[in-house]
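[1] Need coordinates for the below:
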Amino acid sequence: MHILMIFIDGVGLGEDNPETNPFSVAHLPTLEALAGGQRWLSTTGRQMSDRAVFIPTDPRLGMPGRPQSASGQAAILTGRNIPQIIGEHYGPKPNLPIRELLAKDNFFIQLVEHGKTAALLEAYPPRWHRGINSGKHLRSSYQQAAHEAGLPIFEEDKIYSGEALAGDWTGEGWRTELGYKDTPVYSPQEAGKKMVEISRHYDFAFFPHWITDVIGHRGDMNDAIRILKLFDGVMAGALEAWDDQEGLMIITSDHGNIETIGDRRHTENDVPTVIIGSEKEHFAQGLTDLSELVPKMAELLLP
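    Prediction:
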């Protein structure tokens, strides 16, 4: 039994408005199949299909205001209501109270303490590592959680060896944005299969995709449709490679954003959580908000 968590930053369930919501217009057959044949919208509701349970999930956690990345990600990885504990939604990077909570306990720490294996499946270029090591930049909450557990944050060598993926899955950005000429480039379907393959080396693998949130803040409808189609292709490959008996594949997000193109702010919408695997129905029972994921994952993976 192992778990692959696919974290899609800034994806919420919005209204069916083709002028602002890319989910209203993009052709996303794989994602829609995971939601019982329906688009990912605020009206979709909880759905069951042969492969998946689709669950609208509360990122607000009882606190007023717009959910933010640092507190939402920390809730996902600690199993605690971080916004209520610190008294606010906070982000994008974790402040000292969130960092202290992540250092005290998070799912990566729990796994390591029980002799389990875990990893972030994204690798980062040298300039990212220099920024962190110099103290000029903060880690995101999920990076901080892995760091507090003593886990390595992968470098470019893992891209070349195929032991990690780029944040855009395909690796195209390492060539177009970072200037590399010989790093691997995958099709979306190949990247999905590769993600599953790498995840099998760990009891818990966490793949973070943050470009959806960037597009929600800065992109247009064409950008949003493009990235969702990429995600759809990745999931097509992942589902082809995934054996439902091997564990659970979980898709979730920290807050809404990309479903309201043109607003550029986070939303207060529910986010999608998708559970894939033979234990999906048991795992999905009673799941309503982001703080409930860790206890359910611990029940599966920890003695």
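[2] the strands in the protein, which residues?
    Assigned by DSSP state E, the strands in the chain fall at 2-8, 47-48, 52-57, 118-120, 204-209, 247-252, 271-276.
[3] Please name whichever of the ones you listed is nearest to residue 23.
    strand 271-276 (9.6 Å; CB to CB). To be clear about C-beta, it is placed using only N, CA and C from the backbone, and glycine gets the same treatment.
[4] what are the pairing partners of that closest one, and which direction each?
    Strand pairing for strand 271-276, using DSSP bridges, gives strand 52-57 (antiparallel), strand 247-252 (antiparallel).
[5] excluding its backbone neighbours, what's nearest residue 105?
    The shortest distance from residue 105 to any non-neighbouring residue, by CB to CB, 6 or more residues apart in numbering, is to residue 78 (6.3 Å).
[6] who are the neighbours in contact with that neighbour?
    101-102, 105-107, 145, 291, 294 (CB atoms under 8 Å, 6 or more residues apart in numbering).
[7] Tabulate these (CSV), appending neighbour count, pLDDT and distance to residue 275.
    Output for the contacts of residue 78, formatted as CSV (neighbours: other CB atoms under 10 Å; pLDDT from 0 to 100; distance: CB to CB, whole Å):
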residue, neighbour count, pLDDT, distance to residue 275
101, 23, 98, 26
102, 28, 98, 24
105, 17, 98, 24
106, 24, 98, 21
107, 27, 98, 16
145, 29, 98, 21
291, 22, 98, 16
294, 19, 98, 14
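[8] What about those, which are in helices?
    101-102, 107, 145, 294 (DSSP state H).
[9] of those, closest to residue 38?
    Out of these, the member with the shortest distance to residue 38 (by CB to CB) is residue 294, at 27.9 Å.
[10] wait, that closest one sits on residue 82?
    No: applying CB atoms under 8 Å as the test, residue 294 and residue 82 come out as separate, 11.4 Å apart.
[11] for the residue lying closest to residue 240 once chain neighbours are set aside, what are its contacts?
    Among residues not flanking residue 240 along the chain, residue 193 sits closest, at 6.6 Å (CB to CB, 6+ apart). Residue 193 makes contacts with 237-238, 240-241, as judged by CB under 8 Å, 6+ apart.
[12] Run through the protein and note the low-pLDDT ranges.
    Scanning the chain for pLDDT under 70 picks out nothing.
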